[in-house]
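> Based on what follows, work out the 3D shape:
(chains A and B)
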Number of protein chains: 2
Amino acid sequence: MPPTGTPIAATPEQLAAIRYNADGLVPAIVQEASTGQVLMMAWMNAETLRLTLEEGRTVFWSRSRQEVWRKGETSGERQWVRAAYYDCDGDTLLFVVDQDGGGACHTGEHSCFFRAFGAEAASA
Amino acid sequence: MPPTGTPIAATPEQLAAIRYNADGLVPAIVQEASTGQVLMMAWMNAETLRLTLEEGRTVFWSRSRQEVWRKGETSGERQWVRAAYYDCDGDTLLFVVDQDGGGACHTGEHSCFFRAFGAEAASA
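As a prediction, this is how the structure comes out:
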């Protein structure tokens, strides 16, 4: 599959259904299309949700840097959106993506959820 | 697989790695073990994370009701934890579960993420 974005034409009704928190943010879960693996969770505001749908690649709001965070812009680990969902309450988003590069995590791991709770995991 | 919980013995180091927000909460993604489907996202505090790991079933904190929310206690739609993860920053949790009953969503849908962005989805 070519590494390009496919825009998603959200309707005004769909966009109006999204409920942002007091900081104007909504959590966005990212799942890999090919494996079903949950890769990461980050935050979007209304602008970066719009950019994500328009560009067909994930764009987040960095809470630590307080700026637009175009995922993979410098690392090359971009995420191409294949489907986008919002939940029953409109307060969580889910993006199914093709992950470019080695993975989603800044540690080099493929998924940010690489640590399991439990004694076995602790000694792994 | 029998509908019972399997406790997960998290280490003190693992529990200490979790970073709660200003309200003392951390987002918890729930994914179905058999299908890989993302079912829902809800919130836990330190107490309900502990209960989830001890009981081997998801227990959340209800922000709207401000009380412990033992998922499926009245509806029967319990979630039995098969694996539990925390992310690189320690500020998001992921639970892989067996879902009891019809599904995770109070609407009757199997997943809370049953609405897609896009023109086709809008007319579906």
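
> Where does residue A:51 fall, secondary structure wise?
Here residue A:51 sits within helix A:46-55, counting by DSSP states H and E.

> Roughly how far does the closest residue in space to residue A:71 that isn't next to it in sequence sit from chain B?
Ranked by C-beta to C-beta, 6 or more residues apart in numbering or on different chains and with sequence neighbours excluded, the top spatial neighbour of residue A:71 is residue A:58, at 4.5 Å. Where you see a C-beta, it was placed from the backbone N, CA and C, and this is true even at glycine. Distance of residue A:58 to chain B, given as C-beta to the nearest C-beta, to the nearest Å: 13 Å.

> how about the residues of chain A near chain B?
A:8-11, A:13-14, A:17, A:27, A:29, A:31, A:35-38, A:40-41, A:53, A:83-89, A:92, A:94, A:105-107, A:109, A:112-119, A:121-122 (C-beta under 8 Å from any C-beta of the partner chain).

> Who does the most centrally placed residue in chain A form a beta bridge with?
Centroid-nearest residue in chain A: residue A:30, 4.0 Å away (criterion: C-alpha atoms, centre = their mean). Residues in a beta bridge with residue A:30, per DSSP bridges, are residue A:40, residue A:95.

> Next, the contact list for the residue of chain A found nearest chain B, please.
Chain B sits closest to residue A:36 of chain A, with a gap of 3.0 Å, by C-beta to the nearest C-beta. Shown in contact with residue A:36 (C-beta atoms under 8 Å, 6 or more residues apart in numbering or on different chains): B:35-37.

> about what we covered before: which positions in the helix holding residue A:51 come out as buried?
For helix A:46-55, burial by neighbour count (16 or more other C-beta atoms under 10 Å in any protein chain shown) applies to A:48-49, A:51-53, A:55.

> Turn the residues you listed into JSON lines, including pLDDT.
Formatted as JSON lines, those follow (pLDDT from 0 to 100):
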{"residue": "A:48", "pLDDT": "98"}
{"residue": "A:49", "pLDDT": "98"}
{"residue": "A:51", "pLDDT": "98"}
{"residue": "A:52", "pLDDT": "98"}
{"residue": "A:53", "pLDDT": "98"}
{"residue": "A:55", "pLDDT": "97"}
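
> Specify which member of those residues is nearest to residue B:77.
Residue B:77 lies nearest to residue A:49 out of the buried residues of helix A:46-55, by C-beta to C-beta, at 29.2 Å.

> wait, the closest one sits on residue A:93?
Yes - contact criterion C-beta atoms under 8 Å: residue A:49 and residue A:93 qualify, at 7.1 Å.

> okay, and the common contacts of these two?
A:18, A:26, A:28.

> In the residues you listed, which residue is surrounded by the most others?
If you count neighbours using other C-beta atoms under 10 Å in any protein chain shown, the busiest of the shared contacts of residue A:49 and residue A:93 is residue A:28, which has 24 neighbours.

> And the helix or strand containing that one, what does it pack against?
According to DSSP H and E, residue A:28 maps onto strand A:26-32. In terms of contacts (3 or more C-beta pairs under 8 Å, 6 or more residues apart in numbering or on different chains; DSSP states H and E), strand A:26-32 is packed against strand A:38-44, helix A:46-55, strand A:93-99, strand B:38-44.

> can I get the CA coordinates of it in CSV?
Provided in CSV are the C-alpha atoms of strand A:26-32 (Å, rounded to 0.1, in the frame of the first residue of the first chain):
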residue,chain,number,x,y,z
VAL,A,26,-10.0,14.5,23.0
PRO,A,27,-8.0,11.3,23.4
ALA,A,28,-7.2,9.5,20.1
ILE,A,29,-6.3,5.8,20.1
VAL,A,30,-4.2,4.5,17.2
GLN,A,31,-4.5,0.9,16.1
GLU,A,32,-2.5,-0.8,13.4
